[in-house]
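S.K.: just need the structure, nothing else, for what follows:
(2 chains)
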There are 2 protein chains.
Amino acid sequence: MRTTEVSTEQLQADLARLRESYRQYKDMGLNLNISRGLPCSEQLDLNAEMFHVLDENNYTAEDGTDCRNYGVMYGLPECIRLFSQLLDIPEEHIILGGESSLNFMYDQILRIYTFGTLGEKPWGQQAQEQKLKWLCPVPGYDCHFNLTEALGFEMINIPLLETGPDMDLIERLVSEDPTIKGIWCVPQYSNPTGVVYSDETVERLAKLKTAANDFRIVWDNAYAVHHLYRKRVVKDILKAASAYGLEDRILYFFSTAKITFPGSGVCLMASGGKTIAETRQQLKLQIFSHDKLNQLRHVKYLKTPERIHEHMEKIAQILRPRFDLVDRLLTENRLYEDLYTWYKPDGGYFITADSYAGCAAEILARVEAAGVKVATAASTFPYHRDPQDTNIRLAPTYPPMEELETAIRLFCICANLVGIEKVLKEREN
Amino acid sequence: MRTTEVSTEQLQADLARLRESYRQYKDMGLNLNISRGLPCSEQLDLNAEMFHVLDENNYTAEDGTDCRNYGVMYGLPECIRLFSQLLDIPEEHIILGGESSLNFMYDQILRIYTFGTLGEKPWGQQAQEQKLKWLCPVPGYDCHFNLTEALGFEMINIPLLETGPDMDLIERLVSEDPTIKGIWCVPQYSNPTGVVYSDETVERLAKLKTAANDFRIVWDNAYAVHHLYRKRVVKDILKAASAYGLEDRILYFFSTAKITFPGSGVCLMASGGKTIAETRQQLKLQIFSHDKLNQLRHVKYLKTPERIHEHMEKIAQILRPRFDLVDRLLTENRLYEDLYTWYKPDGGYFITADSYAGCAAEILARVEAAGVKVATAASTFPYHRDPQDTNIRLAPTYPPMEELETAIRLFCICANLVGIEKVLKEREN
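M.R.: Residues are numbered from 1 along each chain as shown, chains lettered A, B, ... in the order given. Predicted coordinates for the structure are as follows:
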C-alpha cells in the first residue's frame, strides 16, 4: 500500500506511534556507527595464516629474487600472474601498486594531470585554458568524487540505471565536448547501489566516440570477486575496448583490500600497452618497488584463483546473514511502499536505500540524534548535493549483528516517520 | 707523487703495465654489478625476527585499534612516537607514509605542484607563466634530480663543499629570484659524497631569506642513524627554522629502508604545523591509511631508539670492513695522487671518487667493457651532465667482499690507465 491510498487521520495515527518508538530508541542512549564499509573481525580472522607464510627461510620469489631487498619495480611476476589468471587480463597489461587502489587511482590521475598522457597536453595545463569536466554516475563513491572535485573538474551527474550509467546521455555529452576528460565507474556491484553494468553498457563504453583524445574510463573493479548471491561478472571492458583499438582509454583498478587486510593489501592497474609502458616510465620517478614482501605474502597465502574464490565464499557466508537481515528489516518495517525503496545486491559491500523525496538528510539527522551514525547525507553525490535528497548508503558488513539490527530498526522508524511528516505537510499545502 | 713530477717515458711504462693488467681482467670474463646502494643479505638477515612479531593474536595497536582493518590515516601513534624519540621531532609534526620516502617526496612535491601550498599558487600554474628553478647540490642523488627534471624545473648546480652546499651562492640566488622554488638536501652522510652539513650551513639554510614564499627545503635525512665510524649527527633544521618561524619551509623525510627491509619499510615526513595540517587534508584524497600492520611490525621489532642504535651498530660491523677495503684498495693502487681522489665518509652508503678531469665516463666505460658495472657516468649530476667529468659513486654495501675487491681493483687500474692516457695526450698538445 502507498501513502496515497490512506487517510490523513491514519497517517497521523502512524506518526504518533512512530514518534513514541523513536522516543524509546532515543532513551536507550545508543552510540553506534555503522556508516563505513569495513570488513568485520570474523572476516579478517579468516586470514590468520597470512601471518605465517613468510619467515626467515621464505622470502624468495620464484625467480630467486630476495624480496627483502630493493627491486622489481612493477610487481612480482608470480603475483601479477595470480591476478592475471583471476581477472583474465594478460600479465603484460598489469602493474602492481601498493596497499591502496585509491592511491593508485589518485596517482594515475595526477600523472595525467601533471605530465599528460600519450602525447596529449597535461590536464593541469588544459585547465588553465578552460574548465575541464568529469562524468559521475550517481549515486556513486565519495572518494572518487572528492578527487575530481579537488582537481577542479566540473562534475556532471549521470543517472545510474539498473543496467549501469545512462549511456544515451554519456554518448551525447562526450561526442560533442572535448573538455570532458573521464568517467568514474564501479561496474560490478557498484558502490553504493550494487548494480552490475550490462553487457550492452560495457560494449557502448568500450567503443565510445569522444571529442577528447585523452578521455579516460576509470574502471574501479573493487568487487570483482565479491559475490554474495547470484554470481554476476561484468563483461571484460579491456577486451571489448581492444576490439576498437581503445584499450588505452581504460584505467582498470583492483585490490585485495576486502579479500585480505584493508590497508595492507595489494592493488593493481591494468590498461592498454601504451599506457602501461608510459606508466612504467613515470613510476621510476617515485618508487624502486612497492612492498614485495607483501606481494609474496599474498601469493603464498592466496595461491590460486580457485583458492581466492573459495575464500570469497567463506566471506560471503559471513556477510549473507547481514545482508539478509537488512533486507528483512527493511521489508518488515516499511509502513507504505512509497516511503522508501532499496536494492538488495548480488555482491559487493553495500545496500542502497532511497527515501521519500526530500527526506534523506532529515532521516539521517534523526537517526544520528538518537546516537546512531548510519551514513553521511548526500555523500554518494558530487559536491555532497543529492538533487532529490533521497539516497542513503547502508553498510552492513562491519557491526555485530545485534548492533546492525538496532541501527536498521531505528533507521526504518525514522524513514517512515520523516516520510509521513513530509506527506502530511504536502497535503496541508 | 703527482704525474707532473714524472717523465713521459715513466708514464708510458706505467701505461703499458696497466694495459697488461687490464687485459688480464678482461680475459677473466667477469660479470659483476656493484653499482647500486643495496644492503647485503647479511644485513637483511639481522631482521629475521621481523617475520615473527605479528601473528593472529598480535595485530592490535596500543589503543586497541585492529591494525588488520582500515583507518588511522596518518600513522600509528606508537610508531610516530618511536620515530619522534629517535629523531627528536615532536609527534604532532610527523606524518607516516608508506614503504618509500622517495614516494612520499614525489607525492609532496606533486601536491604543491598541483594544489599549491599555504595559499600560494600551484607550481604547475606558475610554470605556465615562467620557468621555475630548483637548486641541486652536486654531486647528489639521481632520483632527486630525475623528479625535478620531469617536472620541468631548471636545475641549478650548487657545489657541495665539505661543510655542505655553497651557502654564499645559495643566499645570493634565492634572495633575488622568486622562480627558485626549492633545494634538495641529503644533509647527513650525503648521497654520494658522505659529507655532513656543518652547523653553520644548517643555520643559514634555516633562516634563508628567499624571494619566493613557497621556497621549500627538501631535507632527505635518509642516513640519520647510519653511522659507520665517528658519529656525526647533523644539526636539527626543524628546530633551527622554528626560531625564525620558517619551519613550514622544511620538508623533512626519513625512512627505515636501510634499517629493516628496503621496499618494505616505513617512512615519514615532518614539517611545520601548517604544512602538516595541509598535508593531512590532502592525504584524504588518496588513502585511508598506509600499511598499519607494517607500522606495528616495525614498532614491535625495533621497540626503542636505543634498540635501533644497537641494530645500526650491528649493520655498521658488517659494512665497515667493506668501506675499509675500498679505502685501502684506492690507497694502495693509486699510482699518482692527481689521478684520483676520494672521500671516506663517517656513515651512509657510498664512497665518492673523483677522477682526473675529463676521465670519469671513459673510466666507467672501460670498467664495464671488462664486465663490471661500477656506476652510471654522470648520474650524480642533474641532466646526467658532470661538467668536469670526474665524479664516480662507489657502492660497497651489497656485493660479496671478493667481488667488491675484484671490482675496485679493476676500477683502480682503469682510473690510473685512463688518467695517464689523458695526461700523455695533454703533454702531446
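S.K.: what's the nearest residue to whatever residue of the stretch 101-250 of chain A ends up closest to chain B if we skip its chain neighbours?
M.R.: Using C-beta to the nearest C-beta, the single residue of the stretch 101-250 of chain A nearest to chain B is A:Tyr106, 3.9 Å away. Every residue, glycine included, has its C-beta placed from N, CA and C. Counting by C-beta to C-beta, 6 or more residues apart in numbering or on different chains, the nearest residue to A:Tyr106 once its immediate chain neighbours are dropped is B:Gln286, at 3.9 Å.
S.K.: what do you get for A:Ser175?
M.R.: That would be A:Lys209: by C-beta to C-beta, 6+ apart, it lies 5.2 Å from A:Ser175.
S.K.: tell me who's in contact with that neighbour.
M.R.: If you count contacts by C-beta atoms under 8 Å, 6 or more residues apart in numbering or on different chains, A:Lys209 has them with A:171, A:174-175.
S.K.: what residues does the stretch 301-429 of chain A put near chain B?
M.R.: Residues of the stretch 301-429 of chain A lying close to chain B (C-beta under 8 Å from any C-beta of the partner chain): none.
S.K.: the strands in the stretch 301-429 of chain A, which residues?
M.R.: Remark: strands assigned in the stretch 301-429 of chain A by DSSP state E, counting those that start in this stretch are A:340-343, A:351-355, A:372-373, A:391-394.
S.K.: adding mean pLDDT and mean neighbour count, write the ones you listed out as JSON lines.
M.R.: Shown next, in JSON lines, are those (pLDDT from 0 to 100; neighbours: other C-beta atoms under 10 Å in any protein chain shown):
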{"stretch": "strand A:340-343", "mean pLDDT": "97", "mean neighbour count": "19"}
{"stretch": "strand A:351-355", "mean pLDDT": "97", "mean neighbour count": "23"}
{"stretch": "strand A:372-373", "mean pLDDT": "96", "mean neighbour count": "20"}
{"stretch": "strand A:391-394", "mean pLDDT": "96", "mean neighbour count": "24"}
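S.K.: what's the neighbour count on A:Ser100?
M.R.: Counted with other C-beta atoms under 10 Å in any protein chain shown, the neighbours of A:Ser100 add up to 26.
S.K.: the nearest residue to it once chain neighbours are set aside: how many residues sit nearby?
M.R.: Closest residue to A:Ser100 in three dimensions, ignoring its sequence neighbours and counting by C-beta to C-beta, 6+ apart: B:Ile287, at 5.2 Å. Residues near B:Ile287, counting by other C-beta under 10 Å, number 20.
S.K.: helix, strand or coil: sort out B:Ile287 for me.
M.R.: Here B:Ile287 takes the coil state, with states given by DSSP: H, G, I helix; E, B strand; the rest coil.
S.K.: quick one: residues contacting the residue nearest the centre of chain A.
M.R.: Central residue of chain A (C-alpha atoms, centre = their mean): A:Asn191, 3.4 Å from the mean position. With contact set as C-beta under 8 Å, 6+ apart, A:Asn191 has these partners: A:37, A:140-141, A:222-223, A:348-350, A:393.
S.K.: same check, this time on A:Leu15
M.R.: Going by C-beta under 8 Å, 6+ apart, A:Leu15 touches A:417, A:420-421, A:424.
S.K.: same question for A:Ala357.
M.R.: Residues near A:Ala357 by C-beta under 8 Å, 6+ apart: A:388-390, A:422.
S.K.: what does A:Thr210 give?
M.R.: By C-beta under 8 Å, 6+ apart, the contact set of A:Thr210 is A:174-175, A:178, A:180, A:249.
S.K.: for beta bridges, what are the partners of A:Pro159?
M.R.: With beta bridges defined as DSSP bridges, A:Pro159 has these partners: A:Val138.
S.K.: check it and give its pLDDT.
M.R.: For A:Pro159, the pLDDT comes out at 98.
S.K.: pretty sure it sits against A:Asp166.
M.R.: Yes. Judged on C-beta atoms under 8 Å, A:Pro159 makes contact with A:Asp166 at a distance of 4.8 Å.
S.K.: out of those two, which sits in the busier spot?
M.R.: Between A:Pro159 and A:Asp166, counted using other C-beta under 10 Å, the more crowded position is A:Asp166 (18 against 10).
S.K.: show me what contacts the more buried one?
M.R.: By C-beta under 8 Å, 6+ apart, the residues touching A:Asp166 are A:158-160.
S.K.: again, only using 7 Å
M.R.: Residues near A:Asp166 by C-beta atoms under 7 Å, 6 or more residues apart in numbering or on different chains: A:158-159.
S.K.: right, and the residue nearest to A:Tyr106 touches A:Met105 too?
M.R.: No. Counting by C-beta atoms under 7 Å, B:Gln286 does not reach A:Met105; the two are 8.4 Å apart.
S.K.: how close does the residue of the stretch 201-350 of chain A found nearest chain B sit to B:Gly116?
M.R.: Residue nearest to chain B within the stretch 201-350 of chain A: A:Gln286 (3.9 Å; C-beta to the nearest C-beta). Distance, A:Gln286 to B:Gly116, by C-beta to C-beta, to the nearest Å: 20 Å.
S.K.: what's the weakest-modelled helix or strand in chain A?
M.R.: strand A:32-33 (a mean of 92; mean pLDDT, DSSP states H and E).
S.K.: what's that one in contact with?
M.R.: Residues contacting strand A:32-33 (C-beta under 7 Å, 6+ apart): A:371-373, A:399, A:403, A:406-407.
S.K.: recalculate using a threshold of 10 Å.
M.R.: A:367-368, A:370-374, A:395, A:398-400, A:403-404, A:406-407, A:410 (C-beta atoms under 10 Å, 6 or more residues apart in numbering or on different chains).
S.K.: one step back: surely the residue nearest to A:Tyr106 touches A:Leu147?
M.R.: Yes. In terms of C-beta atoms under 10 Å, B:Gln286 counts as a neighbour of A:Leu147; the distance is 7.8 Å.
S.K.: tell me, what's touching those two both at once?
M.R.: Common neighbours of B:Gln286 and A:Leu147, counting by C-beta under 10 Å, 6+ apart, are A:102, A:105-106, A:109-110.
S.K.: hang on, the earlier thing: look up phi and psi at the residue nearest to A:Ser100.
M.R.: B:Ile287 adopts backbone torsions of phi -140, psi 160, taken as degrees, to the nearest 10.
S.K.: can you check the one 5 residues further on too?
M.R.: Main-chain dihedrals, B:Lys292, degrees, to the nearest 10: phi -70, psi -30.
S.K.: before we move on, back to that, quick check: next helix or strand after whichever helix or strand the residue of the stretch 101-250 of chain A closest to chain B is part of?
M.R.: Using DSSP states H and E, A:Tyr106 sits within helix A:101-115. Per DSSP H and E, helix A:101-115 leads on to helix A:123-129 as the next helix or strand towards the C-terminus.
S.K.: follow-up on the earlier one: please say which of A:Gln286 and B:Gly116 ends up with more neighbours.
M.R.: More crowded of A:Gln286 and B:Gly116, by other C-beta under 10 Å: A:Gln286, with 22 against 17.
S.K.: my guess is that one contacts B:Met105. True?
M.R.: Yes. Between A:Gln286 and B:Met105 there is a contact under C-beta under 10 Å: 8.3 Å.
S.K.: what is in contact with the two at once?
M.R.: Contact criterion C-beta under 10 Å, 6+ apart; residues shared by A:Gln286 and B:Met105: B:143, B:147.
S.K.: okay, now the nearest residue to A:Thr163 once chain neighbours are set aside: neighbour count?
M.R.: Nearest residue to A:Thr163, sequence neighbours excluded (C-beta to C-beta, 6+ apart): A:Ser198, at 4.0 Å. Counted by other C-beta under 10 Å, the residues lying close to A:Ser198 total 17.
S.K.: contact partners for A:Ser198?
M.R.: By C-beta under 10 Å, 6+ apart, A:Ser198 lies in contact with A:161-164, A:167, A:187, A:204, A:234-235.
S.K.: over to A:Glu426?
M.R.: A:3, A:356-358.
S.K.: A:Gly358 versus that one, what's the distance?
M.R.: As for A:Glu426, its distance to A:Gly358 is 9 Å (criterion: C-beta to C-beta).
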